[in-house]
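[1] quick one: sequence plus predicted model below, questions after.
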Amino acid sequence: MKKVVLVTGANSGIGLALCKRLLSVDDQIHLCLACRNMQRAETARAALLCSHPGADIALLKVDVGSLKSVLEAAKELKQSKRYRRLDYLYLNAGIMPNPRIDFNAFINGLFSRKAIHMFATGEGLLTQEDQVTEDGLQNVFATNVFGHFILLRELEPFLCQSEKESLVIWSSSSNARRSAFSLTDYQHTQGKESYSSSKYATDLLSVALNNHYNKQGLYSSVVCPGLVMTHLTYGILPPFFWTLILPIMLLIRMFTNSFTLSPYNGAEALVWLFKQKPESLDPLAKYYSCTSGLGSNYVKPVKMDLDEEAAEAFYQKLLDLETKYRCWQN
Ligand SMILES: NC(=O)C1=CN([C@@H]2O[C@H](COP(=O)(O)OP(=O)(O)OC[C@H]3O[C@@H](n4cnc5c(N)ncnc54)[C@H](OP(=O)(O)O)[C@@H]3O)[C@@H](O)[C@H]2O)C=CC1
Ligand SMILES: CC(C)CCC[C@@H](C)[C@H]1CC[C@H]2C3=C(CC[C@]12C)[C@@]1(C)CCC(=O)C[C@@H]1CC3
């Protein structure tokens, strides 16, 4: 049976590298690139077909930050009858709008005992300016979490099938931090660390999804790709600056193994999960892409800093929000 794989945010960065690597592992897969910009999606498909001529690559238009677009995309997928099931759903699209570096925190952190941790996670170094979407949601939450949750809910018939397990894989981050997230303000309307909050939310959600869906054959995992040079990180510092500090980054990599740097390396854990049996994965672990000082890639599972009650409480809040939006749609 050929595997069916859908990747959101597949037209650039880690998502595109993942697609390329998946085709290298198995060029028989049915690959669906779910992107908001069809021109960029076409360019990505052309690039993938260059390296894998004859590959089965479909495009699906979806803006995960817009509930209307998510519902339309799911409807299109169901109506097209192109696929009967989905084996892997990579929820990779993500944003970090208007990032700012706190240089004081950087200098203080540099000379503290937490220096290595700071480089591995970016903890306390970054703030973002969020916006409100047309649905009245915080943009980072809508894009990184809720749009993907609704997509998953809409695609349940493709994912929950008795004959075979399916795996949902969330692109989380080492920047996910418990203290940046609050159950009473899960959209992060108050603070300035919406990215960190949204990634912690994906970690909680993945745990809750396993509790609710494993019996139906659906499994969920989270990955951290490491620090990768993509449009996202070029929004933090310009490309020339990253090139300038490359020797420093290679040095830091020797201590943290978390500066994977290239999208190819960053996709390591995502590809590794494709090769695993979903039921053999640890629902409470985050799978990190790592690159050693000598440049070899490996995957490291790390227990997440969360409790299952909080995961369940957050899940219930998402269900309530979903009900509210579905009422508005009708
Ligand atoms: N780069 C890094 O160091 C790290 C990245 N990550 C995570 O990895 C994931 C991929 O990021 P990365 O490859 O670095 O970043 P990129 O900016 O290169 O890629 C992000 C992808 O998501 C898409 N996207 C953004 N918003 C939407 C939307 N509303 N609807 C549909 N697609 C959307 C983008 O499409 P478009 O081209 O249209 O903008 C793009 O294809 C993200 O979830 C990120 O948080 C995690 C840890 C580290
Ligand atoms: C390399 C240094 C001389 C200067 C870089 C300092 C910071 C800009 C970076 C240190 C750790 C980085 C990091 C991220 C962004 C850039 C840093 C803060 C991320 C938050 C990017 C997005 C993620 O999901 C996780 C990354 C963790 C590490």
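    Structure received. Ligands and ions are numbered 1, 2, ... in the order given.

[2] all strands for the chain, in order.
    Counting by DSSP state E, the chain has strands at residues 4-8, 30-35, 56-61, 88-91, 100-101, 126-127, 166-171, 218-224, 285-291, 297-303.

[3] name every strand pairing with the third one and say which way it goes.
    Put plainly, it is strand 56-61. strand 30-35 (parallel) (DSSP bridges).

[4] now do the partner strand: distance to the chain's middle.
    On the basis of C-alpha atoms, centre = their mean, to the nearest Å, strand 30-35 sits 15 Å off its chain's mean C-alpha point.

[5] mind listing what's buried in it?
    30, 31, 32, 33, 34, 35 (16 or more other C-beta atoms under 10 Å). The way it works is simple: take the backbone N, C-alpha and C, and place the C-beta from them, glycine included.

[6] before we move on, what about stretch 319-328?
    321, 325.

[7] wait, does stretch 237-250 contact ligand 1?
    No: judged by C-beta under 6 Å from any ligand atom, stretch 237-250 makes no contact with ligand 1; its nearest approach is 10.8 Å.

[8] poorly predicted segments of the protein, please.
    By pLDDT under 70, the chain has no low-scoring segment.

[9] what does it have sitting close to ligand 1?
    Residues of the chain lying near ligand 1 (C-beta under 6 Å from any ligand atom): 8-9, 11-15, 35-37, 40, 62-65, 92-95, 143, 171, 173, 224-225, 227-228, 230-233.

[10] how near is the residue sitting furthest away from the middle of the chain to residue 241?
    Largest separation from the mean C-alpha position in the chain: residue 111, at 31.7 Å (C-alpha atoms, centre = their mean). Per C-beta to C-beta, to the nearest Å, residue 111 is found 22 Å from residue 241.

[11] residues in contact with residue 221?
    Shown in contact with residue 221 (C-beta atoms under 8 Å, 6 or more residues apart in numbering): 167, 168, 169, 170, 206, 273, 278, 281, 283, 287.

[12] show me the longest helix that occurs in this structure.
    helix 308-329 (DSSP state H).

[13] just checking, what packs against it?
    helix 67-80, helix 147-154, helix 194-213 (3 or more C-beta pairs under 8 Å, 6 or more residues apart in numbering; DSSP states H and E).

[14] who touches the second one?
    What it means is helix 147-154. Residues from elsewhere that reach helix 147-154, judged by C-beta under 8 Å, 6+ apart: 8, 62-67, 70-71, 73-75, 89, 91, 93, 159, 168, 170, 202, 205, 209, 318, 322, 325.

[15] ok, and the closest non-adjacent residue to residue 167?
    Excluding its sequence neighbours, the residue lying closest to residue 167 (C-beta to C-beta, 6 or more residues apart in numbering) is residue 278, at 4.4 Å.

[16] can you redo the helices and strands packed on helix 308-329 as CSV with distance to residue 101?
    Formatted as CSV, the helices and strands packed on helix 308-329 follow (distance: least, C-beta to C-beta, whole Å):
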stretch, distance to residue 101
helix 67-80, 32
helix 147-154, 27
helix 194-213, 13
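
[17] let me see the contact set for residue 40.
    Contacts of residue 40 (C-beta under 8 Å, 6+ apart): 11, 12.

[18] for ligand 1, give me its nearest residue in the stretch 51-200 of the chain.
    Going by C-beta to the nearest ligand atom, ligand 1 is nearest to residue 94 of the stretch 51-200 of the chain, at 2.2 Å.

[19] ligand 2 contacts on this structure?
    Near ligand 2, when you scan the chain using C-beta under 6 Å from any ligand atom, you find 101, 119, 121-122, 125-126, 173-175, 227, 233, 236-237, 245, 248-249, 252.

[20] can you count the residues close to the closest residue to residue 201 other than its chain neighbours?
    Nearest residue to residue 201 in three dimensions, chain neighbours excluded: residue 145, at 4.8 Å (C-beta to C-beta, 6+ apart). When neighbours are counted by other C-beta atoms under 10 Å, residue 145 registers 28.
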